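>>> here is a sequence with its predicted model. Questions after.
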Amino acid sequence: MKKITRIWHGVTNANHADEYLKYVEDTGMKQYRSIPGNLSAKLLRRVEGNQCHFLTVTEWDSYDSIKKFAGEDYQKAKYYELDKNYLLEFEEHVVHYETFEY
């Protein structure tokens, strides 16, 4: 079964890592899982010096399902209201990969 994997990347100050983790759990991760066609949602975190990198890695059954989450311009990153309080930069796009399991 072919899936689509969507990956978003964000960076915060390391001292906000735990607070931002909770925020992403309550916003993006919760919304991902509520969308029909979302197959999985993972949140990765890595502290590197005074910064913390976050990746959301989600799997979907189709691009149409991704559009239910992200809108028609599904390659654009989706941000939430309080992201501006945490993120050091706002990457404009996410990446998508066709994903194959064996």
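In hand now; what should we look at?
>>> next, name the residue at the spatial heart of the protein.
Thr56 (3.4 Å; Cα atoms, centre = their mean).
>>> can you pull out the helices in this protein?
Secondary structure of the chain by DSSP state H: the helices cover 17-24, 30-34, 63-70.
>>> off-centre distance for stretch 7-26?
Here stretch 7-26 is found 10 Å from its chain centre; the criterion is Cα atoms, centre = their mean, to the nearest Å.
>>> same check, this time on stretch 87-102
With Cα atoms, centre = their mean as the basis, stretch 87-102 stands 7 Å off its chain's centre.
>>> got a list of contacts for that stretch?
For stretch 87-102, contacts defined as Cβ atoms under 8 Å, 6 or more residues apart in numbering pick out 1-13, 51, 59, 63, 66, 70, 74-77, 79, 83. (Each C-beta comes from the backbone N, C-alpha and C, glycine too.)
>>> buried subset of those as a PyMOL selection?
Buried residues among these (16 or more other Cβ atoms under 10 Å), as a PyMOL selection:
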select buried, resi 3+4+5+6+8+10+11+12+59+66+70+74+77+83
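>>> filter the contacts of stretch 87-102 down to just the ones in strands.
Within the contacts of stretch 87-102, residues falling in strands by DSSP state E are 2-13, 51, 59.
>>> ok, the residues you listed vs Tyr20, which is closest?
The closest of the ones in strands among the contacts of stretch 87-102 to Tyr20 turns out to be Thr12 (Cβ to Cβ; 4.8 Å).
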